[in-house]
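A.B. asks: Predicted model follows, preceded by the sequence.
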Amino acid sequence: MSNFDEMVEKYKKELMTIAKKNPQSNVSIVQAKPKDTENSLITVHKQEDTAKKAQNGSREIKIYESYDDFKNEQTDDGSMTVKVYVANQAMPLKGARVVISKALKNYDEILFDGYTDHNGMIENVVLPASSRELLEEENKHKPCAMYRVTVTHPDHVKSVHDNISLFDSMQLVHHVNMIPISEAGEDQYYTWIDENNDDEWW
(Lines give C-alpha, C1' and ligand atoms only; values in the text may rest on other atoms or scores of the structure.)
Protein backbone atom coordinates (compact mmCIF):
# COMPACT_ATOMS: atom_id res chain seq x y z
CA MET A 1 0.00 0.00 0.00
CA SER A 2 1.39 3.42 -0.97
CA ASN A 3 1.79 6.32 1.45
CA PHE A 4 -1.16 8.03 -0.24
CA ASP A 5 -3.41 4.99 0.25
CA GLU A 6 -2.34 4.77 3.89
CA MET A 7 -3.23 8.43 4.38
CA VAL A 8 -6.66 7.89 2.80
CA GLU A 9 -7.38 4.89 5.04
CA LYS A 10 -6.24 6.82 8.11
CA TYR A 11 -8.51 9.73 7.13
CA LYS A 12 -11.49 7.39 6.69
CA LYS A 13 -10.95 5.90 10.16
CA GLU A 14 -10.73 9.37 11.70
CA LEU A 15 -13.96 10.42 10.00
CA MET A 16 -15.75 7.30 11.22
CA THR A 17 -14.56 8.00 14.78
CA ILE A 18 -16.02 11.51 14.54
CA ALA A 19 -19.28 10.13 13.12
CA LYS A 20 -19.63 7.69 16.02
CA LYS A 21 -19.34 10.56 18.49
CA ASN A 22 -22.26 12.34 16.79
CA PRO A 23 -25.00 9.72 16.30
CA GLN A 24 -28.36 10.75 14.83
CA SER A 25 -31.04 10.81 17.51
CA ASN A 26 -33.58 9.00 15.35
CA VAL A 27 -31.39 6.04 14.36
CA SER A 28 -31.95 2.56 15.77
CA ILE A 29 -29.23 -0.09 15.37
CA VAL A 30 -31.09 -3.40 15.26
CA GLN A 31 -29.59 -6.89 15.41
CA ALA A 32 -30.75 -8.82 12.36
CA LYS A 33 -30.70 -12.37 11.11
CA PRO A 34 -28.05 -13.08 8.42
CA LYS A 35 -30.64 -13.10 5.63
CA ASP A 36 -31.62 -9.54 6.52
CA THR A 37 -28.17 -8.27 5.55
CA GLU A 38 -28.48 -9.29 1.90
CA ASN A 39 -29.31 -6.75 -0.82
CA SER A 40 -33.04 -7.12 -0.40
CA LEU A 41 -35.93 -5.23 1.14
CA ILE A 42 -36.89 -5.83 4.75
CA THR A 43 -40.31 -7.42 4.35
CA VAL A 44 -41.33 -7.56 8.02
CA HIS A 45 -41.80 -4.13 9.55
CA LYS A 46 -42.51 -2.62 12.97
CA GLN A 47 -46.19 -1.75 12.59
CA GLU A 48 -46.56 -1.31 16.37
CA ASP A 49 -43.69 1.19 16.47
CA THR A 50 -45.17 3.02 13.48
CA ALA A 51 -48.53 3.26 15.23
CA LYS A 52 -46.89 4.79 18.31
CA LYS A 53 -45.10 7.32 16.11
CA ALA A 54 -48.40 8.27 14.54
CA GLN A 55 -49.87 8.96 17.98
CA ASN A 56 -46.91 10.80 19.48
CA GLY A 57 -45.43 12.45 16.40
CA SER A 58 -46.56 15.45 14.42
CA ARG A 59 -48.41 13.66 11.60
CA GLU A 60 -50.83 10.75 11.38
CA ILE A 61 -49.56 7.76 9.39
CA LYS A 62 -52.17 6.14 7.18
CA ILE A 63 -51.80 2.49 6.15
CA TYR A 64 -53.21 1.70 2.69
CA GLU A 65 -54.55 -1.65 1.51
CA SER A 66 -53.16 -1.25 -2.02
CA TYR A 67 -50.99 1.06 -4.10
CA ASP A 68 -54.01 2.05 -6.18
CA ASP A 69 -55.75 3.27 -3.02
CA PHE A 70 -52.68 5.35 -2.22
CA LYS A 71 -52.45 6.85 -5.73
CA ASN A 72 -56.14 7.74 -5.74
CA GLU A 73 -55.54 10.02 -2.75
CA GLN A 74 -52.12 11.37 -3.75
CA THR A 75 -52.92 12.89 -7.14
CA ASP A 76 -50.02 15.38 -7.35
CA ASP A 77 -46.35 14.79 -8.21
CA GLY A 78 -43.16 15.46 -6.27
CA SER A 79 -39.49 14.66 -6.80
CA MET A 80 -37.08 12.80 -4.52
CA THR A 81 -33.28 12.87 -4.69
CA VAL A 82 -31.32 10.49 -2.45
CA LYS A 83 -27.74 11.29 -1.38
CA VAL A 84 -25.77 8.41 0.14
CA TYR A 85 -22.67 9.08 2.22
CA VAL A 86 -20.22 7.54 4.65
CA ALA A 87 -18.49 9.18 7.62
CA ASN A 88 -21.45 11.38 8.59
CA GLN A 89 -21.91 12.85 5.09
CA ALA A 90 -18.19 13.51 4.59
CA MET A 91 -17.74 11.16 1.60
CA PRO A 92 -20.21 10.07 -1.14
CA LEU A 93 -20.81 6.33 -1.62
CA LYS A 94 -20.85 5.11 -5.22
CA GLY A 95 -22.63 1.89 -6.19
CA ALA A 96 -25.07 1.74 -3.29
CA ARG A 97 -28.41 0.15 -4.16
CA VAL A 98 -31.34 2.47 -3.46
CA VAL A 99 -34.90 1.12 -3.39
CA ILE A 100 -37.78 3.56 -2.98
CA SER A 101 -41.02 1.87 -2.01
CA LYS A 102 -44.45 2.50 -0.56
CA ALA A 103 -45.12 0.44 2.57
CA LEU A 104 -48.67 -0.92 2.33
CA LYS A 105 -50.64 -3.07 4.75
CA ASN A 106 -49.30 -6.43 3.61
CA TYR A 107 -46.45 -5.65 1.20
CA ASP A 108 -44.08 -3.02 -0.21
CA GLU A 109 -44.76 -1.58 -3.67
CA ILE A 110 -41.34 -0.98 -5.25
CA LEU A 111 -41.32 2.29 -7.22
CA PHE A 112 -37.60 2.70 -7.95
CA ASP A 113 -34.58 0.40 -7.84
CA GLY A 114 -31.16 1.70 -8.88
CA TYR A 115 -27.55 2.44 -7.91
CA THR A 116 -25.87 5.66 -6.82
CA ASP A 117 -23.48 7.48 -9.16
CA HIS A 118 -19.95 8.67 -8.36
CA ASN A 119 -21.48 11.51 -6.33
CA GLY A 120 -23.45 9.03 -4.23
CA MET A 121 -26.72 10.26 -5.73
CA ILE A 122 -30.01 9.06 -7.18
CA GLU A 123 -31.59 12.15 -8.72
CA ASN A 124 -35.12 13.36 -9.36
CA VAL A 125 -37.32 10.29 -8.93
CA VAL A 126 -40.88 11.50 -9.62
CA LEU A 127 -43.49 10.03 -7.25
CA PRO A 128 -47.11 10.64 -6.22
CA ALA A 129 -47.19 13.48 -3.71
CA SER A 130 -49.54 15.31 -1.35
CA SER A 131 -50.84 18.84 -1.74
CA ARG A 132 -48.58 21.55 -0.30
CA GLU A 133 -51.56 22.66 1.77
CA LEU A 134 -50.66 19.85 4.17
CA LEU A 135 -47.49 21.77 5.06
CA GLU A 136 -49.57 24.53 6.61
CA GLU A 137 -49.77 24.67 10.40
CA GLU A 138 -53.45 23.73 10.65
CA ASN A 139 -52.85 20.59 8.54
CA LYS A 140 -49.63 19.34 10.13
CA HIS A 141 -51.36 16.37 11.82
CA LYS A 142 -53.07 15.09 8.65
CA PRO A 143 -51.62 12.08 6.77
CA CYS A 144 -49.59 12.71 3.62
CA ALA A 145 -47.65 10.77 0.97
CA MET A 146 -44.89 8.85 2.75
CA TYR A 147 -42.22 6.54 1.38
CA ARG A 148 -39.59 4.04 2.51
CA VAL A 149 -35.99 4.27 1.27
CA THR A 150 -33.82 1.15 1.65
CA VAL A 151 -30.09 1.45 0.93
CA THR A 152 -27.68 -1.50 0.72
CA HIS A 153 -24.02 -1.93 -0.18
CA PRO A 154 -21.79 -5.02 0.11
CA ASP A 155 -19.38 -3.28 2.50
CA HIS A 156 -21.91 -1.35 4.57
CA VAL A 157 -24.77 -1.95 6.99
CA LYS A 158 -28.23 -1.84 5.43
CA SER A 159 -30.13 1.39 6.15
CA VAL A 160 -33.93 1.65 6.09
CA HIS A 161 -35.60 5.08 6.26
CA ASP A 162 -39.35 5.08 6.91
CA ASN A 163 -42.14 7.66 6.60
CA ILE A 164 -40.40 10.16 4.30
CA SER A 165 -42.94 12.82 3.33
CA LEU A 166 -43.32 14.15 -0.22
CA PHE A 167 -45.32 17.16 -1.42
CA ASP A 168 -46.55 18.59 -4.72
CA SER A 169 -44.12 20.37 -7.09
CA MET A 170 -41.26 20.24 -4.59
CA GLN A 171 -37.93 18.44 -4.72
CA LEU A 172 -36.97 16.51 -1.61
CA VAL A 173 -33.29 15.78 -0.95
CA HIS A 174 -32.98 12.86 1.46
CA HIS A 175 -29.62 12.07 3.10
CA VAL A 176 -28.52 8.54 4.03
CA ASN A 177 -25.40 7.98 6.12
CA MET A 178 -24.03 4.44 5.75
CA ILE A 179 -21.98 2.58 8.37
CA PRO A 180 -19.19 0.22 7.20
CA ILE A 181 -19.70 -3.38 8.30
CA SER A 182 -16.18 -3.31 9.73
CA GLU A 183 -17.27 -0.50 12.06
CA ALA A 184 -20.45 -2.29 13.20
CA GLY A 185 -18.69 -5.13 15.01
CA GLU A 186 -18.85 -8.87 14.46
CA ASP A 187 -22.63 -9.15 14.66
CA GLN A 188 -24.74 -8.31 11.62
CA TYR A 189 -26.99 -5.27 11.86
CA TYR A 190 -29.20 -2.89 9.94
CA THR A 191 -30.21 0.67 10.79
CA TRP A 192 -33.88 1.65 10.91
CA ILE A 193 -34.72 5.36 10.89
CA ASP A 194 -38.24 6.72 11.39
CA GLU A 195 -39.14 10.11 9.90
CA ASN A 196 -35.66 11.44 9.26
CA ASN A 197 -35.26 15.14 10.09
CA ASP A 198 -32.31 15.90 7.81
CA ASP A 199 -34.25 16.43 4.58
CA GLU A 200 -33.94 19.52 2.40
CA TRP A 201 -36.67 21.08 0.27
CA TRP A 202 -36.10 22.94 -3.00
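C.D. replies: Arrived safely. Numbering: from 1, shown residues only.
A.B. asks: Next one: His45, what pLDDT does it get?
C.D. replies: pLDDT for His45: 39.
A.B. asks: do Leu127 as well
C.D. replies: Listed pLDDT for Leu127 reads 96.
A.B. asks: shouldn't it be in contact with Tyr147?
C.D. replies: Yes - counting by Cβ atoms under 8 Å, Leu127 touches Tyr147, with 6.6 Å between them. Using the backbone N, CA and C atoms, a C-beta is placed for each residue, glycine as well.
A.B. asks: pLDDT weak spots in this structure?
C.D. replies: By pLDDT under 70, the weakly predicted segments of the chain are 1-58, 185-189, 195-202.
A.B. asks: Compare Leu127 and Tyr147 (neighbour count), which wins?
C.D. replies: Between Leu127 and Tyr147, counted using other Cβ atoms under 10 Å, the more crowded position is Tyr147 (25 against 20).
A.B. asks: and the next element down the chain from the host helix or strand of the more buried one?
C.D. replies: Assigned by DSSP states H and E, Tyr147 falls within strand 146-153. Once strand 146-153 ends, the next helix or strand along the chain (criterion: DSSP H and E) is strand 156-165.
A.B. asks: Report the inter-axis angle for the helix or strand that that next one is followed by versus strand 156-165.
C.D. replies: Toward the C-terminus, strand 156-165 is succeeded by strand 171-178 as the next helix or strand (DSSP H and E). Relative orientation of strand 171-178 and strand 156-165, computed by axes from the mean of the first three to the mean of the last three Cα atoms, to 10 degrees: 150 degrees.
A.B. asks: Strand 171-178 pairs with which strands, parallel or anti?
C.D. replies: strand 76-86 (parallel), strand 200-201 (antiparallel) (DSSP bridges).
A.B. asks: where along this protein do the helices fall?
C.D. replies: Using DSSP state H, the helices found in the chain span residues 3-21, 47-56, 67-73.
A.B. asks: Name the residues contacting each of Leu127 and Tyr147.
C.D. replies: Counting by Cβ atoms under 8 Å, 6 or more residues apart in numbering, the contacts common to Leu127 and Tyr147 are 80, 100, 111, 166.
A.B. asks: Just give the number of residues close to the second one.
C.D. replies: Other residues within reach of Ile100 by the criterion other Cβ under 10 Å amount to 23.
A.B. asks: so what's it closest to, chain neighbours aside?
C.D. replies: Leaving out its chain neighbours, the residue that sits closest to Ile100 by Cβ to Cβ, 6 or more residues apart in numbering is Phe112, at 4.1 Å.
A.B. asks: The one you found: neighbour count?
C.D. replies: 16.
A.B. asks: going forward can the numbers begin at 611, since that is how I track them
C.D. replies: I'll keep to 611 as the first residue from here, and by that count the last item is Phe722.
A.B. asks: From what I see, it and Ile732 are in contact.
C.D. replies: Yes - using Cβ under 8 Å, Phe722 is in contact with Ile732, at 7.4 Å.
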